[in-house]
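Asker: Here is my input, please return the structure:
(2 chains)
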Amino acid sequence: MAVAAVPVIEAVVGETAAGTVAAEGGAMAAAGETASTSRLSQVADLAGNVDLGDGHSMTISPEQIHALLHSPQAVAAIMAKAEHVCKLANDMAVTREAEYAVVLQNRNDTKRARATVYAKNFYAVVDDAHHSTLLKAAAQTPSD
Amino acid sequence: MTINADRPFVTIKPPPMAGLMVQYLTPLMAPTPVQTRRPKPDPTQDISYPDGFIRVEAGGGTWVARDENYLFDASAIIHAYVDYEHEPQGEDLCATALAWGGNAQGLTINLEGTEWYVTYTRIASLATELVDPMVRLTRFRGMVTWRVPGVPISVS
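Answerer: Below is the predicted model of the structure:
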């Protein structure tokens, strides 16, 4: 999934290692590695500064991180995963007429887009209570 | 169908999670029974399970990416049942079982003569109160995922 490189990293301070980190940061953005970028945002302080050690630091852009986590490519990846879980749940549902569905949350006032697989009708509510269908569907979805 | 040719690859058995989890949790959760069947409370009694009841169900899983058919992420769903009006006990029971399940990393569990090494564990879902339509008890449900190497059961 190609994503146009965005200036997620605003500044890098340091010498040789900094060049490597900047290159990796650019690669992450270009490859759309939103999970990695999200973890990066967790180690930054409120101003977006990341201490890399040995006198190196870099500054990331919270606005661009936000844009990345709400980008069409990120949303497509999230929806693909959720729809896979949903399909598994619908395939393994035992209760007749049980239906599971996916709902997307992509509001701008949240940190990232999220997709939820849920029991769409009462048959699915009973099915999940009886057979733990959603847990089983999630368990059969490989980690990335 | 008869196949005469030797298999070129080893047959790898994925972990039987329900059996492993029962074996692992039984001594840790005593005197609470840990079983794979649903509890059957006596409808004439207010208290059927003074120590609660834990049911383990295989949750399925998958191979670990890039280690196809060697390492498996396998899950066990843990159901903690208690009599009505004992909800805090039920939540604590489920959380305790999940806690032990989430800290099996580095252990080897012997199940019917086969040794299963647990490389990594995590609590995949916390205790959630959800009625079991089949059982007249309060239920809390959660899930534990173990990363376990498959065991070779054949070389030909």
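Asker: the longest helix in the chain is where?
Answerer: No chain in the question, so chain A it is. helix A:72-92 (DSSP state H).
Asker: wait, chain B
Answerer: helix B:87-101.
Asker: Show me what the helix or strand just after it is packed up against.
Answerer: Per DSSP states H and E, the first helix or strand lying C-terminal to helix B:87-101 is strand B:108-111. Packing contacts for strand B:108-111, counted by 3 or more Cβ pairs under 8 Å, 6 or more residues apart in numbering or on different chains; DSSP states H and E, involve helix B:17-29, strand B:114-117. For every residue, glycine as well, the C-beta is placed using N, CA and C.
Asker: and the residue nearest to A:Ile78 when sequence neighbours are not counted, what element?
Answerer: Closest residue to A:Ile78 apart from its sequence neighbours, by Cβ to Cβ, 6 or more residues apart in numbering or on different chains: A:Ala115 at 4.8 Å. Assignment of secondary structure by DSSP H and E places A:Ala115 within strand A:114-119.
Asker: and if you look at A:Leu104?
Answerer: strand A:100-105.
Asker: and that strand with chain B, contact?
Answerer: No. On the criterion Cβ under 8 Å from any Cβ of the partner chain, strand A:100-105 is out of touch with chain B, staying 15.6 Å away.
Asker: Give the other helices and strands that that strand contacts.
Answerer: Checking 3+ Cβ pairs under 8 Å, 6+ apart, strand A:100-105 ends up next to helix A:72-92, strand A:114-119, helix A:133-139.
Asker: From the contact counts, what lies against the shortest one?
Answerer: I take that to be strand A:114-119. By 3+ Cβ pairs under 8 Å, 6+ apart, strand A:114-119 packs against helix A:72-92, strand A:100-105, helix A:122-131, helix A:133-139.
Asker: now the longest one
Answerer: Packed against helix A:72-92, as judged by 3+ Cβ pairs under 8 Å, 6+ apart, are the following elements: strand A:100-105, strand A:114-119, helix A:133-139.
Asker: at 10 Å what do you get?
Answerer: helix A:34-42, helix A:62-69, strand A:100-105, strand A:114-119, helix A:122-131, helix A:133-139 (3 or more Cβ pairs under 10 Å, 6 or more residues apart in numbering or on different chains; DSSP states H and E).
Asker: For chain A, what's the nearest residue on chain B?
Answerer: Residue nearest to chain A within chain B (Cβ to the nearest Cβ): B:Ser75, separated by 3.8 Å.
Asker: who in chain A is up against chain B?
Answerer: Residues of chain A lying close to chain B by Cβ under 10 Å from any Cβ of the partner chain are A:88, A:92, A:125-132, A:134-144.
Asker: Counting neighbours, which of the residues you listed end up buried?
Answerer: Neighbour counting with 16 or more other Cβ atoms under 10 Å in any protein chain shown marks A:88, A:92, A:125-129, A:131-132, A:134-141 as buried within the residues of chain A next to chain B.
Asker: now for the helix or strand of chain B at the bottom of the mean pLDDT ranking, which elements pack on it?
Answerer: In chain B, no helix or strand scores lower on mean pLDDT, DSSP states H and E than strand B:151-154, which sits at a mean of 84. Using 3+ Cβ pairs under 10 Å, 6+ apart, the elements in contact with strand B:151-154 are strand B:11-13, strand B:114-117.
Asker: what distance separates the shortest one from the middle of the whole chain?
Answerer: This means strand B:11-13. Taking Cα atoms, centre = their mean, to the nearest Å, one finds strand B:11-13 lying 20 Å from the centre of the chain it belongs to.
Asker: buried stuff in it?
Answerer: Of all the residues in strand B:11-13, those buried under the rule 16+ other Cβ under 10 Å are B:Ile12.
Asker: same deal with stretch B:142-152?
Answerer: For stretch B:142-152, the neighbour count (16+ other Cβ under 10 Å) marks B:Gly142, B:Met143, B:Val144, B:Thr145, B:Trp146, B:Arg147, B:Val148, B:Pro149, B:Gly150, B:Val151 as buried.
Asker: Among those residues, which ones are in strands?
Answerer: Residues from these lying in strands, with DSSP state E as the criterion: B:Gly142, B:Met143, B:Val144, B:Thr145, B:Trp146, B:Arg147, B:Val148, B:Pro149, B:Val151.
Asker: For the closest residue to the second one other than its chain neighbours, I want the exact helix or strand it lies within.
Answerer: Take B:Met143 and drop its neighbours on the chain: the residue closest to it by Cβ to Cβ, 6+ apart is B:Ser125, 4.0 Å away. For B:Ser125, the enclosing helix or strand under DSSP H and E is strand B:120-129.
Asker: Could you list every helix and strand in contact with that strand?
Answerer: helix A:133-139, strand B:71-82, helix B:87-101, strand B:138-149.
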